[in-house]
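Asks: Provided below for reference: sequence and predicted model.
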Amino acid sequence: HGGYSFCGLAACAIIECMEELDADALLHWCTAKQLTYEGGFNGRTNKVVDSCYSFWQGGVFPLLHRMLKARRGQGPPVYGSGEEAPEGTWLFDQKMLQKYTLLAAQAPTGGLKDKPGKGKDYYHTCYALSGLSVSQHCADAAAPCVLGEDENLLRQTDEIHNVCLDKVEAAYEFFQGKGQVQSRRT
């Protein structure tokens, strides 16, 4: 399940046990979750696209990127059988995911929904926007990947905590001052 996979991977990133994971199997599974026609992700095999999986599935790619890059000693990440991901891209169609979010999931009166025909809600608005941000801000990219006008660009979302980067930094600084955080993650 996409949500459980993301949460497990993010938890491993927080407690620093990502080296125990089968990254190749997870990467293979996640890359198969973006549906070709719709452009969005589904959360399980044989399910329809749902905008919340823009983050639950899409958010796995930055975490895997970080893990695989660390395994290579900070060099370019290796994916699968020795192939390197193209510089500045995730291993999914970023523009198709943005197109699904902006055209199929966006409600005309504001907010986002899981799919056409459904109503907007806070849950899908949050995770669809977070997934949209992930698809725009790629590690090692020279510039954001934005579908359409520059005004579609969102602030970058932290891939572990799902909040904007400045909020994560503020939280780490606060808790370091309290002696609760041993080191700042990079």
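Replies: Yep, it's here.
Asks: Could you use CA atoms for every contact and neighbour count after this?
Replies: Noted.
Asks: got the contact list for the closest residue to Asn162 other than its chain neighbours?
Replies: Distances taken as C-alpha to C-alpha, 6 or more residues apart in numbering put Ser130 closest to Asn162, at 6.9 Å, once the chain neighbours are dropped. Contact partners of Ser130, counting by C-alpha atoms under 8 Å, 6 or more residues apart in numbering, are 54-55, 157, 162.
Asks: in this structure, what spans have low per-residue confidence?
Replies: 74-88, 180-186 (pLDDT under 70).
Asks: so where do the helices sit in it?
Replies: Ranges of helices within the chain are 2-15, 23-31, 53-56, 60-71, 94-99, 122-136, 165-177, based on DSSP state H.
Asks: any idea which residue sits dead centre in this structure?
Replies: In the chain, the residue lying closest to the centroid (C-alpha atoms, centre = their mean) is Gly59, at 1.9 Å.
Asks: quick one on the thing from earlier: got the helices of the chain as TSV, with distance to Gly40 columns?
Replies: As requested, the helices of the chain are arranged in TSV below (distance: least, C-alpha to C-alpha, whole Å):
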stretch	distance to Gly40
helix 2-15	13
helix 23-31	11
helix 53-56	7
helix 60-71	14
helix 94-99	5
helix 122-136	10
helix 165-177	24
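Asks: okay, those helices, which one's buried deepest?
Replies: helix 53-56 (a mean of 28; mean count of other C-alpha atoms under 10 Å).
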